[in-house]
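> Sequence and predicted structure are below.
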Amino acid sequence: MEPTNQPNDPAPENASSPEIPSASATPSSAPSDPPAPVTPPPGNITEQQWIVFLNISALAGLVLPSLGHIIGPLVIWLVKKPESTAIDAAGREVLNFQISWTIWMIVSVAVAVIGSCIVVPIILPFAVGIAWLVFVILGTLKASNGEPYKFPLTIKML
């Protein structure tokens, strides 16, 4: 038997392989790559990030239980609202939510104290607290995706 590929036999040129164009020869009709997204320099916080901070700063209420959930967003909103209308609007929404849910928590605790002999009123403050936490997390996730979020059961005060 005769071997089909010997080292001394030169391979026939372009026998069955198509010609591959060189990297420098690109056709003019080929679509060009889209430009790379512009990233802000490190240390420069964007508007969207401040809105995320507004939402997540409400969790300061877990550290300062009395009014931390209002003080955190309030400080960020007062400092940053002159810089952006989006931060101003998001700050108003977050503060309205926090103040409204403070009212709902006070009402639920009052109902629990008044109706303490019934199981449902005793559970009510815990349910309100869990709902508050869920809505804060949802608002933060929406803000991180750049989507506006309308908090439920919010009284418009600001």
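Yep, it's here. Just so you know, these numbers come straight off a predicted model, no measurement behind them.
> Hmm, S116 is touching L124, no?
No: at 10.9 Å, S116 and L124 do not qualify as touching, with contact defined as CB atoms under 8 Å. Backbone N, C-alpha and C define where each C-beta goes, glycine included.
> Helices of the chain, residue ranges please.
47-56, 68-80, 85-114, 119-144 (DSSP state H).
> Which positions within the first one qualify as buried?
When you say that, I think you mean helix 47-56. Buried residues in helix 47-56, defined by neighbour count with 16 or more other CB atoms under 10 Å: W50, I51, V52, F53, L54, N55, I56.
> Closest to S100 out of the residues you listed?
Comparing the buried residues of helix 47-56 against S100 with CB to CB places N55 closest, at 14.9 Å.
> And the closest residue in space to A86 that isn't next to it in sequence, what's its pLDDT?
Closest residue to A86 apart from its sequence neighbours, by CB to CB, 6 or more residues apart in numbering: E47 at 5.6 Å. We have a pLDDT of 91 for E47.
> The chain should start at 20 in everything you say after this.
Let's use 20 as the start, then, which means that last one is E66.
> isn't E66 right up against K100?
No: with contact defined as CB under 8 Å, E66 does not reach K100; the gap is 11.5 Å.
> Now for those two: what residues contact both?
Counting by CB atoms under 8 Å, 6 or more residues apart in numbering, the common neighbours of E66 and K100 are I106.
> any idea how far stretch 101-121 is from the chain center?
Put simply, stretch 101-121 sits 16 Å off its chain's centre (CA atoms, centre = their mean, to the nearest Å).
> ditto for stretch 153-173
8 Å.
> Great, nothing more from me.
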